[in-house]
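A.B. asks: next come a sequence and a model predicted from it.
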There are 2 protein chains.
Amino acid sequence: MIQRKLEVIYQPFDRTTRVPPGTTLFSAAHWIGLPIDSTCGGRGTCGKCKVRVIEGAAEVTTADHRLLRKEELDGGWRLSCQARIYEDMVCEVPQLLRVPKAATMGLGRLVILDPNVRKVYLELAEPTLEDQRSDVMRLGDALTAEGHDMAAGVAVLRTIPRVLRDSGFKVTAVLAGEQLVALEPGDTTDESFGVAFDVGTTTLVGTLMNLRTGMAAGVLSTLNGQAPFGADVISRISHGMNGPDSVLELQTAVVTTMNTILADLYEQTGVSPARTYEAVVVGNATMLHLLFGIDPSPLAVMPFTPAFMEPLLIAAREVGLDIHPNGFLQTLPALGAYVGADIVAGVLATSVVREDKLRVFVDVGTNGEIVLGSAQRALATAAPAGPAFEGSQIRCGMRATEGAIEGVQLGDTVELQVIGGDVRAMGICGSGLVDAVAQLLHVGLLDHSGRMKGAGDVPGHPLADRLIDVDGVRAFLLADGVFLTQRDVRELQFAKGSIATGIKVLMDILGVETKDLDQVLLGGSFGSYLNPESAKIIGLVPPVDLDKIIAVGNSAGEGAKIALLSYRERQVAFELPSRIEYVELSGRADFNDAFVSVLQFPHLELVG
Amino acid sequence: MIQRKLEVIYQPFDRTTRVPPGTTLFSAAHWIGLPIDSTCGGRGTCGKCKVRVIEGAAEVTTADHRLLRKEELDGGWRLSCQARIYEDMVCEVPQLLRVPKAATMGLGRLVILDPNVRKVYLELAEPTLEDQRSDVMRLGDALTAEGHDMAAGVAVLRTIPRVLRDSGFKVTAVLAGEQLVALEPGDTTDESFGVAFDVGTTTLVGTLMNLRTGMAAGVLSTLNGQAPFGADVISRISHGMNGPDSVLELQTAVVTTMNTILADLYEQTGVSPARTYEAVVVGNATMLHLLFGIDPSPLAVMPFTPAFMEPLLIAAREVGLDIHPNGFLQTLPALGAYVGADIVAGVLATSVVREDKLRVFVDVGTNGEIVLGSAQRALATAAPAGPAFEGSQIRCGMRATEGAIEGVQLGDTVELQVIGGDVRAMGICGSGLVDAVAQLLHVGLLDHSGRMKGAGDVPGHPLADRLIDVDGVRAFLLADGVFLTQRDVRELQFAKGSIATGIKVLMDILGVETKDLDQVLLGGSFGSYLNPESAKIIGLVPPVDLDKIIAVGNSAGEGAKIALLSYRERQVAFELPSRIEYVELSGRADFNDAFVSVLQFPHLELVG
């Protein structure tokens, strides 16, 4: 259910946006990339984000009373992070007094450096008989004066009296949001790190980020330690169904993998775990359930119900993650059982649904996760593709590791691109499969129904001798011992057909056509290797101009990094589920209809 | 610093109160005992506490938008728990539709049963393809419909999928505030317990409360397991100074004592720890520091700085308290290093500072904690009394255990009240000491300077033969081997002088005299045993009419129980530090001046 939207105009920029009722002026501005000054990132504590309301009413809030003078309130000034929009409004934004520090992330996005973790150096007055405030209050008051709220848990409280007195009351407070993570003697503001994790079913990527500079200190990836329990989410869930111990086993495996990455990152960079205060973790719903030790089995059976889709913020020690002992772990929200936090991160990194451009974001894997839309309206779905794109269920299929054919060019001869360079081709991975099928279509060895020609059908064709018979099934010989069978082509047809159908269903709901599409974004690691032209030829993506098809790399990891570096962007990620309508394909009549229609390959002249 | 106050009038009751700016209409009404309907206890989620603002402005808040209709907003209706007072106001409170369940607690106070822990039975719709909400969202939506917010941590999240599916989605949600503590299969709303702890330096008292009926299920007290580390807070702190291990040792000792009480309570009552969801704990600052494993040493040295005075809410498992594994432990705030959460609880239980009556609340012990005031203005201080009232530093002094003289009546003979009844007197405890000195004054064997008469000074006095000489010091023989020496009297003079001075300093600051006092409340276990007349004769308390001196029993424990049973009262406790000015006696010139003047005993004719 999408609510009616309200219009806000920001002066002097004359920028307009339409937002759901209840959105703050601050976050509505941030949504369209319009920077408003803020130290606290929109928590209502620093008082820097004030704007003047020219039209429409904004109530005076408690924070306004605390941080603005009476004349300012009378003049219509409000803290934009507290002012909620309940009618159409016009407001005036003061000129920025300083250029905010920013980093380029994701799809060429400039992200304002405004991490949730902040370090504040304080020189506190020592207690006297006239000033007997508690240590906590002394710290809190000093932080309030700097525009920060503070809450301290027991673990950090235990360290406070000693640190204050040993350091002569010159300390650095480390805040994650308003939570005091640590109090460190002296000025340690230069050393502030966090880690972004993309927890994939196959691969985990960890990036240690310098929160002060916005630069990556190090990045490492390794296989998910859950691999022995199965290659895909379904087999992991099946293992988890053996009972709580099995869920714990899977949890331990993934946490161990994360800690291995962390240990290596710390060693490589010289950064200390004690200076690493926060982790932002994204992954599909199954991966996040298992990370927290939550039984994922309802995800695997109709009607596919996750235990949670909400963003979780927990003490890192609750899962045993090796960062600062009082550090936090933050996840991003999911859109549905099979459109997880990794996709939300991808949407964050690519700004799909925040711009006027109509775009479709596709992350191809065992499931094809699809987000279609613009700032006006956006939809998401997951299309079950099966394992073909992962190189599974393919006769000579293999993972994208050394020896895998990842690229195919057919002409008079066969040109192969093999992972590892000058090594013998041992099989074919997903991107090679797509390439091979596209090229076979291109050179006329496959017809658009997907039927492979026999050698006899194409006499004189330079590649006719490559058309062979394997166990009574037609096949195309790619390299010595590596071939593509008719059955493989059918597998690919089903896989791409499912994703193409998902896209089509969403386009139909939105009432748009291929010509309306401004861009097709291919996400995920598979998207990076996929040849856009081949994707278009086989009909995996709509037939837009080739320059509109863009591989966006590990957008999930980028999104996690953005959420780590920017509290405002993290808030945007939290809002995405309320901005994107989730469409369940199972049981939809139009899915089945469309599926049949896109199972075939497009006629080449239509692809252009 | 006390801010200017604003006036609010509640109609149709025509009740007026004056509150600091920013107070909500709900809590201002509650402060003066005026009940406004509410299911959520003032969290802005149930929408039942609406009032109509007749004069003054109350902004429309986000919760108002969510829970009230436009016509209501236009008519001036606001949720009183969200409407903050920034100018003088008049508002109309709708008639209560139901009589709230209440229990009589503390000093005859009627406490509305409104515990922070709430149980809500839910029959949830099962997930379908059309309704794929996550388990958390399904629960949260159902709770929202009942007027409750919900947040779920990872530990309880792990249990949710199984409990929902095993129970056919018929479950009881257990909320502590908005935190989901547990999800239980079926309807368990009948079983809801919490525990109130008064952690004294000497004795711990635990009361298991039925949160549904407001009745105590069981109560037990036992000696604090820290006793081997010293009898008073200073010796405990000294032990803690041996390093973190010693602090841990003290923490373990007190937690073990609490768990022993809990185990016995569970056994006695048949209540399960799994149905005991919250603990409210009060105690002096040192006890609470040690409970949390926080180094209390800065409390013991000038300028007496606590690490925290704020109320803490932590997971009970963080200190290893044996209640529900996801249950919470809540402390009340302190007013100063030596006016702790136990005193705040006492103030809560006795309503001092919430009524128009001018009262002084005194908790006599090693320190005399004093709160003086009314709803208009209130002050608090701690006067160092030394150990005399605990029976220490007294020649024949002992704790109030079997064999201790706790009451003395002098006339022609000596009548003694001995703890244990018909046992031999072995020593004298604090209340006996006060009685003995008062009676000696009464029968003229002590003069008002505190000098003890010799047998030769009072020939013919029926008790003259009791005046003896012990090691060259005058003494009065109370019983065989038990006597009171001149030096003991001096000790008591210093002790009572210090507390009397504290009261006098506060009365001077407030500009009130003895005749203005409506009541003198004696708190703490010592206060229960103290003979009010004796307290008055020795000048421990101001010379008010005897019927104005009231022993209020274990007011700390009562306050803890009230905070357990009523979320609104808990909020009142949280507000007390901002309502009561703390006065530090150390280094005050008027303390020393007054001390000299009250060191003597009052002339008997003044005591009346």
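C.D. replies: Sure thing, it's come through.

A.B. asks: can we go C-alpha only for contacts and neighbour counts from here?
C.D. replies: Noted.

A.B. asks: for A:V163, see how far away the residue of chain A most remote from its centre is.
C.D. replies: The centre of chain A is farthest from one residue, A:L129, which by Cα atoms, centre = their mean lies 53.0 Å away. Separation of A:L129 from A:V163 (Cα to Cα, to the nearest Å) stands at 21 Å.

A.B. asks: surely A:K101 touches A:T39?
C.D. replies: No - between A:K101 and A:T39 there is no contact under Cα atoms under 8 Å: 11.8 Å.

A.B. asks: the more surrounded of these two?
C.D. replies: Neighbour comparison, A:K101 and A:T39: the larger count goes to A:T39, with 17 against 13 (by other Cα atoms under 10 Å in any protein chain shown).

A.B. asks: report the contact partners of A:P115.
C.D. replies: Applying Cα atoms under 8 Å, 6 or more residues apart in numbering or on different chains to A:P115 gives the contacts A:L211, A:A563, A:L564, A:L565, A:S566, A:Y567.

A.B. asks: please narrow those to those residing in helices.
C.D. replies: A:A563, A:L564, A:L565, A:Y567 (DSSP state H).

A.B. asks: export the contacts of A:P115 to TSV and tack on neighbour count?
C.D. replies: Putting the contacts of A:P115 into TSV (neighbours: other Cα atoms under 10 Å in any protein chain shown) gives the following:
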residue	neighbour count
A:L211	29
A:A563	31
A:L564	29
A:L565	33
A:S566	22
A:Y567	23
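
A.B. asks: distance check, A:R236 against A:I580.
C.D. replies: 28 Å.

A.B. asks: stretch A:304-314: end-to-end distance?
C.D. replies: Stretch A:304-314 end-to-end distance (Cα to Cα) = 25 Å.

A.B. asks: pull out the buried residues from it.
C.D. replies: A:F304, A:T305, A:P306, A:A307, A:F308, A:M309, A:E310, A:P311, A:L312, A:I314 (16 or more other Cα atoms under 10 Å in any protein chain shown).

A.B. asks: what's the answer for stretch A:510-523, then?
C.D. replies: A:L517, A:D518, A:Q519, A:V520, A:L521, A:L522, A:G523.

A.B. asks: which single one of the residues you listed is nearest to chain B?
C.D. replies: A:G523 (25.2 Å; Cα to the nearest Cα).

A.B. asks: contacting residues for the closest one?
C.D. replies: Going by Cα under 8 Å, 6+ apart, A:G523 touches A:G346, A:F361, A:V362, A:D363, A:V364, A:A551, A:V552, A:G553, A:N554, A:S555.

A.B. asks: could you give the bridge partners of it?
C.D. replies: A:D363 (DSSP bridges).

A.B. asks: JSON lines please, covering the contacts of A:G523 and showing distance to A:T45.
C.D. replies: Formatted as JSON lines, the entries for those read as follows, by distance: Cα to Cα, whole Å:
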{"residue": "A:G346", "distance to A:T45": "30"}
{"residue": "A:F361", "distance to A:T45": "37"}
{"residue": "A:V362", "distance to A:T45": "39"}
{"residue": "A:D363", "distance to A:T45": "39"}
{"residue": "A:V364", "distance to A:T45": "42"}
{"residue": "A:A551", "distance to A:T45": "40"}
{"residue": "A:V552", "distance to A:T45": "36"}
{"residue": "A:G553", "distance to A:T45": "37"}
{"residue": "A:N554", "distance to A:T45": "35"}
{"residue": "A:S555", "distance to A:T45": "32"}
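
A.B. asks: what about the strands in the stretch 1-150 of chain A?
C.D. replies: A:6-11, A:15-19, A:50-55, A:77-79, A:89-92, A:102-105, A:109-112, A:117-123 (DSSP state E, counting those that start in this stretch).

A.B. asks: the longest one pairs with which strands?
C.D. replies: Here strand A:117-123 is paired, per DSSP bridges, with strand A:170-176 (antiparallel).

A.B. asks: select from the contacts of A:G523 the one having the most neighbours.
C.D. replies: A:G346 leads these on contacts (other Cα under 10 Å) with 32 neighbours.

A.B. asks: may I have the phi/psi pair for that residue?
C.D. replies: phi -60, psi -40 (degrees, to the nearest 10).

A.B. asks: which ones are touching it?
C.D. replies: By Cα under 8 Å, 6+ apart, the neighbours of A:G346 are A:G523, A:N554, A:S555, A:A556, A:G557, A:E558, A:G559.

A.B. asks: does A:N284 really touch A:G336, like I thought?
C.D. replies: No - assessed by Cα under 8 Å, A:N284 is found out of contact with A:G336, at 9.7 Å.

A.B. asks: more neighbours: those two, which one.
C.D. replies: Set A:N284 next to A:G336 and count neighbours by other Cα under 10 Å: A:G336 wins out with 27 against 23.
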